[in-house]
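In: the sequence and its predicted three-dimensional model are supplied below.
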Amino acid sequence: MAREILPHEARIRAWLGRSRLPPEDIDEVVQEAYCRIAMLDTFEHIDSPRAYFFSITRNLLLRRLKRGRIVSFETISQVEECHDLTTPSPEEQMAIRLACNRVLEMIAALPERCRRIVELRKIEGWSQKEIATHLGISEKAVEKQVWLGVKTVRDSWRRLQEPGDARPARKVRGER
């Protein structure tokens, strides 16, 4: 529980805070969610601890709101319409898509041999041995090309993140 559930408490508390609950009610909902999780006999059925924690918290909040004397129907509908925290927002999805496209462009800018090896290893999931056999080179050569390619992409990404610097990736040294 400490490793899989506890790290998500801050995000759950922030979400509960947006539902305009007083801090003491947030504490109670979070504590009750922990109690529910602690009462479980086994955790094997939980595929996503974060989603499970969120779901329990959401249900407890709904129950609390429905039991309240005066409840805004708008508040209940907002909670019921709320999506799981594991689903990225449209903005996050677009940012992920853009980042993925940038990385693919950086990989495409690598020298041909290095690019092909990085694609086989990192995108298609081939083992170093499979790549070496397929290309007729040593596993050590594959390892070196993957290392050089990943280092170049990482350096390019780092430069891209620096303000005012969007230079393209440099050529990989040691490429023949």
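Out: Looks like it arrived, so ask away.
In: could you chop this protein up by domain?
Out: Using automatic domain parsing, the domains assigned to the chain come out as 6-81, 90-161.
In: end to end, how far does the last one reach?
Out: If I follow you right, that is domain 90-161. 22 Å (C-alpha to C-alpha, to the nearest Å).
In: distance from the chain centre to that domain, please.
Out: 20 Å (C-alpha atoms, centre = their mean, to the nearest Å).
In: ranking the domains of the chain by mean pLDDT, which is last?
Out: Per-stretch mean pLDDT for these is lowest at domain 6-81 (a mean of 75).
In: need the domains of the chain in CSV (columns: mean neighbour count).
Out: In short, each C-beta sits where N, CA and C put it, glycine included. Listed next are these as CSV, based on neighbours: other C-beta atoms under 10 Å:
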stretch, mean neighbour count
domain 6-81, 14
domain 90-161, 15
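In: for Arg64, see how far away Leu104 is.
Out: For Leu104, the distance to Arg64 equals 46 Å [C-beta to C-beta, to the nearest Å].
In: which stretches in the chain count as helices?
Out: Ranges of helices in the chain, per DSSP state H, are 9-18, 23-38, 49-67, 73-81, 90-108, 112-118, 128-135, 139-161.
In: which among those helices is found nearest to Arg3?
Out: Comparison of the helices of the chain against Arg3 by C-beta to C-beta identifies helix 49-67 as nearest, at 8.7 Å.
In: how about the helices of the chain in a markdown table, adding distance to Arg3?
Out: Supplementary listing: those in a markdown table, determined by distance: least, C-beta to C-beta, whole Å:
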| stretch | distance to Arg3 |
| --- | --- |
| helix 9-18 | 13 |
| helix 23-38 | 13 |
| helix 49-67 | 9 |
| helix 73-81 | 28 |
| helix 90-108 | 24 |
| helix 112-118 | 33 |
| helix 128-135 | 31 |
| helix 139-161 | 28 |
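In: wait, Cys114 touches Trp147, no?
Out: No. Under the criterion of C-beta atoms under 8 Å, Cys114 is not in contact with Trp147, lying 9.9 Å apart.
In: list the contacts for Ala33?
Out: 12, 53, 56-57, 60 (C-beta atoms under 8 Å, 6 or more residues apart in numbering).
In: need those in TSV (columns: distance to Asp155).
Out: Shown next, in TSV, are the contacts of Ala33 (distance: C-beta to C-beta, whole Å):
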residue	distance to Asp155
Ile12	37
Phe53	37
Ile56	43
Thr57	41
Leu60	47
